[in-house]
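Student: structure for this input, please:
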Amino acid sequence: MLLLLTCYALLQAIKCNPKRFARMLALWLFVQFSAGVLGQVAFDVNASAPVRSLYAHSAFARTPNSRLVSLELDVSTLFQPGAEQAVKEIMVQAVCRRDDVVVVDYWPRTELQSDIDGPVQVLQERDQARDGNLQGFGGYPGIGSVSGAWNQSDYQSQSVQFLQRPARELTVAAGTTNRQRGVYFKMRPNSQTTIEGSRKLGVLLSVPENWRADLMDVTVQAAGLEPPHYRKEGVLARQSFVVAVYQENDSVASAAAGEYVKHQANLIRCVKLFSKTIEQRSFPTPFHKIGAKLDLYEPEIPDNWLDAIVYKPGMFHHTRLSALPVDVRVAIMNFQDQKLRIETLSGVASKINSKPSMPQNPTAKEPQTYTLGYRGLANGTSR
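Tutor: Now for the predicted structure:
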């Protein structure tokens, strides 16, 4: 019955507004084509990063109860054959989720490079020459004749020699964003450098005194000439990551970051494993897909549910998530518990969740996990 209603709605949409239907169909085809284009560039970032404490109190600290820590991001870029000709720029953006974490410094800074090593010697010469020639002939019949000539020449030569700095091209641009809550790096290739491969990026943060761990959102994108004509510039690929950062030599924070990374990977693995089932439950037929593009059908499972769980702070709940496979729902519960544990160590959880679903003691070394049908306890029993 739902299929018949969807087909009827599509026919009505085509009949009432064929141009709008054609635009939506073209958009859907473009999205399908772009999926293959985005696969030409792949990114990767370290899943966790320890931070090293510098000075407990210094002039760089923004508040009296803050300290400085440094961390490194290892960003990798992989090009498929032919993609390196189209990509002109790689941009990395990173921001911590806690509001009072401030970017104090970063490296590398903005860099300019030139193919010419050393100054350029410039020689300018200017010559000026003036010649004058005057001839005259005169006479009177019967008396005689007179002739004369006058010549003048003036020549000047001037030579100027100086050293000039060679023109340089931008290879790295870096700065802060979001009122110094985030940092960005733009990298461009030239004859001496490449943007493919791995590169380490450093960030110096001012964090609260009781800060122990946090989640950093990292977005990497490639910009360049868009296919198929390669004439217009635009964003070719974009990928988002979450990096668990933790205080160095803090066993509890390190364990929490490790558990977060493990359960995030398990969630992504479950989503990929049950991707066909999730798609089938969201869109039972191809007509449901087209109906969703035309805003005529609401999927059984929200489109952005995974992004909301991974990238939004706090716990994410939605009644339509009950349509997910049970293994995926268990992976979601485990992951959200670990995310809440990291937010507790950073001090954000108390602001977002008024009633957390886990104990408030952040020093608990054994995280709570879920399995099919029950919630595991520390002593191995069930309830």
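
Student: residues making contact with stretch 254-270?
Tutor: Outside stretch 254-270, the residues that touch it by Cβ atoms under 8 Å, 6 or more residues apart in numbering are 47-48, 50, 213, 215, 242, 244-246, 309-310, 325, 327-328, 331-332, 334-335, 337-339, 341-342, 345, 362, 365, 367. Heads up, the C-betas are built off the backbone N, CA and C, glycines and all.

Student: check which residues of that stretch are buried.
Tutor: By 16 or more other Cβ atoms under 10 Å, the buried positions in stretch 254-270 come out as 254, 255, 256, 257, 258, 259, 260, 261, 263, 264, 267, 270.

Student: what does stretch 322-330 give?
Tutor: Neighbour counts over stretch 322-330 (16+ other Cβ under 10 Å) mark 324, 328, 329, 330 as buried.

Student: can I get it in CSV? Just the C-alpha atoms.
Tutor: The C-alpha coordinates for stretch 322-330 follow below in CSV (Å, rounded to 0.1, in the frame of the first residue of the first chain):
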residue,chain,number,x,y,z
SER,A,322,14.5,1.6,17.2
ALA,A,323,14.3,0.5,13.5
LEU,A,324,18.1,-0.1,13.5
PRO,A,325,19.4,-3.7,13.8
VAL,A,326,19.9,-4.8,17.4
ASP,A,327,23.7,-5.1,17.0
VAL,A,328,23.9,-1.5,15.9
ARG,A,329,21.8,-0.3,18.8
VAL,A,330,24.1,-2.1,21.2
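
Student: for that stretch, give the mean pLDDT please.
Tutor: Averaging pLDDT along stretch 322-330 yields 93.

Student: my guess is residue 170 meets residue 193, correct?
Tutor: No. Contact criterion Cβ atoms under 8 Å: residue 170 and residue 193 do not qualify, at 11.2 Å.

Student: one step back: in a markdown table: the buried residues of stretch 322-330, plus secondary structure and distance to residue 284.
Tutor: Output for those, formatted as a markdown table (DSSP: H, G, I helix; E, B strand; the rest coil; distance: Cβ to Cβ, whole Å):
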| residue | secondary structure | distance to residue 284 |
| --- | --- | --- |
| 324 | coil | 15 |
| 328 | helix | 18 |
| 329 | helix | 20 |
| 330 | helix | 24 |
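
Student: thought residue 52 was touching residue 68?
Tutor: No. Under the criterion of Cβ under 8 Å, residue 52 makes no contact with residue 68, lying 9.6 Å away.

Student: more neighbours: those two, which one.
Tutor: Taking neighbours as other Cβ atoms under 10 Å, residue 52 and residue 68 compare with residue 68 leading, 21 against 12.

Student: dig out what the more buried one forms beta bridges with.
Tutor: Going by DSSP bridges, residue 68 is paired in beta bridges with residue 206.

Student: I'd like the distance between it and residue 205.
Tutor: The gap separating residue 68 from residue 205 is 7 Å, by Cβ to Cβ, to the nearest Å.

Student: which intervals of the stretch 201-350 of the chain have sub-threshold pLDDT?
Tutor: The model of the stretch 201-350 of the chain has pLDDT under 70 over residues 287-288, 291-296, 348-350.

Student: show me where it has its helices.
Tutor: Counting by DSSP state H, counting those that start in this stretch, the stretch 201-350 of the chain has helices at residues 251-273, 275-282, 286-293, 305-311, 326-346, 349-352.

Student: dump these to JSON lines, plus distance to residue 82.
Tutor: As requested, the helices of the stretch 201-350 of the chain are arranged in JSON lines below (distance: least, Cβ to Cβ, whole Å):
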{"stretch": "helix 251-273", "distance to residue 82": "27"}
{"stretch": "helix 275-282", "distance to residue 82": "28"}
{"stretch": "helix 286-293", "distance to residue 82": "30"}
{"stretch": "helix 305-311", "distance to residue 82": "30"}
{"stretch": "helix 326-346", "distance to residue 82": "36"}
{"stretch": "helix 349-352", "distance to residue 82": "45"}
